[in-house]
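# Here you go, sequence then predicted model.
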Amino acid sequence: MRVLLAGGAGYIGAHTAVALLDAGHEAVLLDSLDNTSAIVEQRIAQITGKEAPLVTGDAADDEVVESAFAQHGPFDAIIHFAARKAVGESTQQPLEYYANNLDSTFALLRVGLAHGIRSFVFSSTGTVYSDPADLPFTEESTRHLVELSNPYSRSKLMNEVVLQDVQRVHPELNVTSLRYFNPVGAHASGLIGEDPKGIPNNLMPFVARVAVGRLERINVFGDDYDTPDGTGQRDYIHVVDLAEGHVAALEKSRPGFFAYNLGTGQPVSVLELIASFERAIGRELPKVIAPRRPGDMAATYCDPSKAERELGWKARFTIDDMTRDVWNWQQKNPDGYQG
Ligand code: WQD
């Protein structure tokens, strides 16, 4: 299949491009480069020995999407990664988040449908589930828009509703919404990885920068949660497992709207992740217990069995694989792509 990856030069997009090329498919990247680097295109070529051409521009602009089709089409499918995704930032910039995260979907659908794409895979999130009483989350777990804690998660749930309504009037179209839990890790080559700009919001890149000496110490946001060791639990999934989940979804594409949790189903606490990272580097890391972060849930993790049943996909990597591969990426790229 020939696939257009909107946001394809980003962390998850680049890993998915590698997985698609390795599986014999073709990939074209469309990216504004607001939150990544053009160097990713050559890193993908280095890893796979194949080209994933990069079209630079905003996926929310119909003319930009049209130019990607004109230059590199036709495409069988679109995978839509292009979104702002910082939960905290979204509470400060709701309009920017709703506009960017919805307008990009509208533009990609308008142009993609006009060109007859057969499949639209959407990068969604496990943060669309609104009731902790439902843990472990299945695809049918409660998703109440007004009960979600931030505009980012709400924009993702709104996207899913739009996609479901559009699919209803295009019955031949496949729409697959992949609800990611916590993507971490990096390709074994260490050539591509997570490279957030500024001080990372997320735990894993923050720990990696402490380990490489760019940050002083880890702040553990609360140790008084109702969890075994008191720190927050998340369902961390290796980004290579996640990428392979996208390939499985495309290869199992069939008309209809489908949603799948992509996670391991194994909750890992903050202290457990840090301990895994310390095993990977062979030394302790400086850490301090800090106040809870507003909006954080004590625990979130999924039941991933539907993806295994229907897509034949199951996460393979452990938390030790994830921290080992993050450390390999961080050591080889101490200043990320800018280095
Ligand atoms: C994980 C745990 C924190 C930083 C992210 C993305 C969101 C979504 C889901 C895709 C929590 C703790 C964190 C730190 C800490 N991704 N923590 N010190 O909040 O689950 O959300 O994944 O949709 O977009 O933001 O991930 O890595 O920020 O936090 O103690 O410096 O680590 O309290 O328990 P989160 P995170």
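Right, received. Where do you want to start?

# Quick check on the residue of the chain found nearest the ligand: phi, psi?
In the chain, the residue found nearest to the ligand is residue 232; the distance is 2.3 Å by CB to the nearest ligand atom. Every residue, glycine included, has its C-beta placed from N, CA and C. Phi and psi for residue 232, reported as degrees, to the nearest 10, are phi -60, psi 140.

# Hmm, residue 221 and it touching each other?
Yes. Here residue 232 reaches residue 221: they are 6.8 Å apart, a contact under CB atoms under 8 Å.

# what about the two, which has more around it?
Comparing residue 232 with residue 221 by neighbour count (other CB atoms under 10 Å), the higher total belongs to residue 232, at 25 against 17.

# How about the contacts made by that one?
Taking CB atoms under 8 Å, 6 or more residues apart in numbering as the definition of contact, the neighbours of residue 232 are 221, 222, 225, 269, 270, 296, 297, 298, 299.

# So for the second one, what's the pLDDT?
On the pLDDT scale, residue 222 is placed at 98.

# Would you mark the buried spots in the helix or strand containing residue 90?
Take DSSP states H and E as the rule and residue 90 turns out to sit in helix 87-92. With burial defined by 16 or more other CB atoms under 10 Å, the residues of helix 87-92 counted as buried are 87, 90.

# ok, that helix near the ligand or not?
Yes. Where contact is defined by CB under 6 Å from any ligand atom, part of helix 87-92 touches the ligand, namely residue 87.

# which helices and strands does that helix pack with?
Counting contacts by 3 or more CB pairs under 8 Å, 6 or more residues apart in numbering; DSSP states H and E, helix 87-92 packs against helix 151-168.

# Moving C-terminal from the helix it packs on, which element do we reach first?
Of the helices and strands lying after helix 151-168 in sequence (DSSP H and E), the nearest is strand 174-180.

# packing partners for whichever helix or strand comes after that next one?
Beyond strand 174-180 in the direction of the C-terminus, DSSP H and E gives the next helix or strand as strand 182-184. Using 3+ CB pairs under 8 Å, 6+ apart as the contact criterion, the elements in contact with strand 182-184 are strand 236-238, helix 239-251.

# what's near enough to touch residue 167?
The neighbourhood of residue 167, defined by CB under 8 Å, 6+ apart, consists of 173, 175, 256, 257.

# would JSON lines of those with pLDDT be doable?
Rendered in JSON lines, the data for the contacts of residue 167 read as follows (pLDDT from 0 to 100):
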{"residue": "173", "pLDDT": "98"}
{"residue": "175", "pLDDT": "98"}
{"residue": "256", "pLDDT": "98"}
{"residue": "257", "pLDDT": "98"}
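
# From the residues you listed, list just the buried residues.
Among the contacts of residue 167, those scoring as buried are 173, 175, 257 (criterion: 16+ other CB under 10 Å).

# Tell me how far the residue nearest to residue 166 when sequence neighbours are not counted lies from residue 23.
Beyond its immediate neighbours in the sequence, the residue positioned closest to residue 166 (CB to CB, 6 or more residues apart in numbering) is residue 109, lying 5.8 Å away. Going from residue 109 to residue 23 by CB to CB, to the nearest Å gives 25 Å.

# What residues does the stretch 201-339 of the chain have near the ligand?
Within reach of the ligand by CB under 6 Å from any ligand atom, the stretch 201-339 of the chain has these residues: 201, 202, 203, 206, 219, 220, 221, 232, 234, 270, 293, 296.

# The contacts of residue 232 in helices, which ones?
residue 270 (DSSP state H).

# can you pick the most crowded of the contacts of residue 232?
residue 270 (25 neighbours).

# where along the stretch 201-339 of the chain do the helices fall?
With helices called from DSSP state H, counting those that start in this stretch, the stretch 201-339 of the chain shows them at 203-211, 239-251, 270-281, 305-311, 319-332.

# Please identify which of these is closest to residue 56.
When the helices of the stretch 201-339 of the chain are compared for distance to residue 56 using CB to CB, the nearest one is helix 239-251, at 22.0 Å.

# Number of residues surrounding the residue nearest to residue 178 when sequence neighbours are not counted?
Closest residue in space to residue 178, ignoring its immediate chain neighbours: residue 262 at 5.3 Å, by CB to CB, 6+ apart. In terms of burial, residue 262 registers 29 neighbours under the definition other CB under 10 Å.
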